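S.K.: any chance you can model this:
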Amino acid sequence: QVQLVESGGGLVQAGGSLRLSCAASGSIFSINAMGWYRQAPGKQRELVAAITSGGTTNYADFVKGRFTISRDNAKNTVYLQMNSLKPEDTAVYYCNGYRIVDPALGRRRDYWGQGTQVTVSS
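M.R.: Below is the predicted model of the structure:
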């Protein structure tokens, strides 16, 4: 099992910055990649950014150039630095980690944090 605990959300004005943290514990050696998703009211959960165990990063187009994902392996923590925030970035942000259970079929086991609210005022 893997436990993920997010922190760092809050209220910020448009153009401001926030840094989210996700502390992982448990069987973290089995995790292939970690990332951040977000879900706004009435919308589906969407990928924001991800980072593999090897350090490869991936970003959604709507955050490229504004958000940066990073990891501190010594602390088992993943970060999301969010700059130039916009009102449309308002959402609950969820930390995600997954391990691949069947590479041939692309099946994976996902773990989720409880979510942290980010609100950007205009």
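
S.K.: please count neighbours and contacts with C-alpha atoms only from this point.
M.R.: Will do.

S.K.: in the chain, which residue is closest to the centre?
M.R.: Closest residue to the average C-alpha location of the chain: residue 36 at 1.6 Å, with Cα atoms, centre = their mean.

S.K.: sec struct for the closest residue to that residue other than its chain neighbours, please.
M.R.: With Cα to Cα, 6 or more residues apart in numbering as the criterion, residue 36 has its nearest non-adjacent residue at 4.7 Å, and that residue is residue 95. Using DSSP: H, G, I helix; E, B strand; the rest coil, the three-state assignment for residue 95 comes out as strand.

S.K.: where do the strands sit along this structure?
M.R.: With DSSP state E as the criterion, the chain has strands at 2-7, 10-13, 18-26, 33-39, 46-52, 57-59, 67-72, 77-82, 91-102, 107-112, 116-121.

S.K.: farthest residue from the center of the protein?
M.R.: residue 104 (25.8 Å).

S.K.: OK, contacts around it?
M.R.: Residue 104 makes contact with no residue, according to Cα atoms under 8 Å, 6 or more residues apart in numbering.

S.K.: quick one, phi/psi of it?
M.R.: Backbone dihedrals for residue 104, given as degrees, to the nearest 10, come out at phi -70, psi -40.

S.K.: grab the nearest non-local neighbour of residue 75.
M.R.: Distance criterion Cα to Cα, 6+ apart; nearest residue to residue 75, sequence neighbours excluded, is residue 23 at 7.7 Å.

S.K.: whoops, residue 66 was the one
M.R.: Using Cα to Cα, 6+ apart and skipping the chain neighbours, the partner closest in space to residue 66 is residue 83 (5.1 Å).

S.K.: contact partners for the residue nearest to residue 75?
M.R.: For residue 23, the set of contacting residues under the criterion of Cα under 8 Å, 6+ apart consists of 4-6, 75-78.

S.K.: thank you kindly, that will do.
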